[in-house]
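Sequence first, then the predicted structure, then my questions.
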Amino acid sequence: MTTQALAQVLASGLLMGLIYALIAVGLSLIFGLMDVVNFAHGEFLMIAMYATFGLVLATQLDPVVLMPLVAALLFALGGASYLGVVRFAMRAKANQGMVQIFATFGLAILLQGVAQYLFTPDYRNVQNTWLGGRTLEVGGVFLPWPQIFGAVVSLAAFGGLHLLMSRTDFGRALEATREDQGAVALVGIDRNRVFALGWGLGAALVGLAGAVLAVFYYIHPQVGASFALIAYVTVALGGFGSVAGALVAGVIVGLVEAFTAVILPPALKSVGVYALYLAVVFVRPQGLFGRL
């Protein structure tokens, strides 16, 4: 492999890795807050992509401009999902973990079924965007502008999330609830309100990722499934509940996927990712930054 080809693989893997991290961080945030794995996470991403597509048709604005609105819509969806589904699953008297799993899995099936009914299984894409089809050449390395933009959005989102968690009362309430759900009620923090806002925040982050992906990826009712698998691997690799772990693991997953596509046929590019995950499970089951 030439130096230029190596640089191309590294750059491609890094850009996609940052996008994977953005997809996964909301999942990690919700797990760290509540010890609940959201099996509808991929469907949230799918809804964000359809929302971007629909808003582009309705307003004739570019996805870059519509991204905050998509994030706001997903924030509402995330909060409503907690208040309408997860909150009741958490009240189960027995097998609470299994009830929560089946509740979010059922929500995923519902959202996918509704999308298939409303939009049909046809593939759709957002056309004539500012960034679509454009590339930046740096020293013979070609960088697609949609992925560059996605990587910048990802870094900005992680930076904003860090500031939110460390500098605001809401962020401190989130951290306190993550540490001890029972004790926060004693100091006047409404746990259900924090959970609802946490679900909204996690969904808003995947909403940003969905708006980014809609620029260069086909949209269909099953699109969330493949990205959800990558998100689960990323979260498990970085450590469940670790925001920093999601960022580092996302980059690792992107790089491993890019190098695997060079060694093996592109259709098998995920093999390297899952092999790495299995290795980490055996060596460090809590993930790179997680705690058992």
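Looks like it came in fine. Numbers count the residues shown, from 1 in each chain.

check contacts around T135.
Neighbouring residues of T135 by Cβ atoms under 8 Å, 6 or more residues apart in numbering: F142, L143, P144, W145. Bear in mind the C-beta positions are built from the backbone N, C-alpha and C, glycine included.

among these, which are in strands?
Those of these mapping onto strands are F142, L143, P144, per DSSP state E.

Top of these by number of neighbours, please.
Neighbour counts for the ones in strands among the contacts of T135, by other Cβ atoms under 10 Å, peak at P144, which reaches 20 neighbours.

Could you pull up phi and psi at the closest residue to that one other than its chain neighbours?
With Cβ to Cβ, 6 or more residues apart in numbering as the criterion, P144 has its nearest non-adjacent residue at 5.3 Å, and that residue is T135. Taking degrees, to the nearest 10, you get phi -130, psi 160 for the backbone angles of T135.

Can you give me the pLDDT of T135?
Per-residue confidence (pLDDT) for T135: 95.

for the stretch 1-150 of the chain, what spans make up the helices?
Here the stretch 1-150 of the chain has its helices, by DSSP state H, counting those that start in this stretch, at 3-34, 41-59, 63-81, 87-89, 96-119, 145-167.

Show me what counts as buried in the fifth one.
Residues of helix 96-119 classed as buried: V99, Q100, I101, A103, T104, L107, A108, L111, Q112, A115, F119 (neighbour count, 16 or more other Cβ atoms under 10 Å).

For the residue lying closest to the fifth one once chain neighbours are set aside, give me its contacts.
Spatial nearest neighbour of T104, excluding adjacent residues (Cβ to Cβ, 6+ apart): F39 at 4.2 Å. The neighbourhood of F39, defined by Cβ under 8 Å, 6+ apart, consists of I101, T104, F105, L107, A108, A228.

And for L205?
With the criterion set at Cβ under 8 Å, 6+ apart, L205 makes contact with L22, V25, G26, L29, A71, A157, L161.

That one: which element?
L205 is part of helix 191-216 when elements are defined by DSSP states H and E.

so what does the next helix or strand after that helix touch, helix or strand wise?
Later in the chain than helix 191-216, the nearest helix or strand by DSSP H and E is helix 223-238. When contacts are defined as 3 or more Cβ pairs under 8 Å, 6 or more residues apart in numbering; DSSP states H and E, helix 223-238 sits against helix 3-34, helix 41-59, helix 243-263, helix 270-283.

mind saving the C-alpha coords of the last one as CSV?
What follows is helix 270-283 as a C-alpha-only set of coordinates in CSV (Å, rounded to 0.1, in the frame of the first residue of the first chain):
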residue,chain,number,x,y,z
SER,A,270,-17.9,-5.1,9.1
VAL,A,271,-16.1,-8.3,9.8
GLY,A,272,-13.1,-6.5,11.2
VAL,A,273,-15.3,-4.4,13.5
TYR,A,274,-17.1,-7.4,15.0
ALA,A,275,-13.8,-9.3,15.4
LEU,A,276,-12.3,-6.3,17.3
TYR,A,277,-15.4,-6.2,19.5
LEU,A,278,-15.2,-9.9,20.3
ALA,A,279,-11.5,-9.5,21.2
VAL,A,280,-12.4,-6.6,23.6
VAL,A,281,-15.2,-8.6,25.1
PHE,A,282,-12.7,-11.4,26.0
VAL,A,283,-9.9,-9.1,27.2
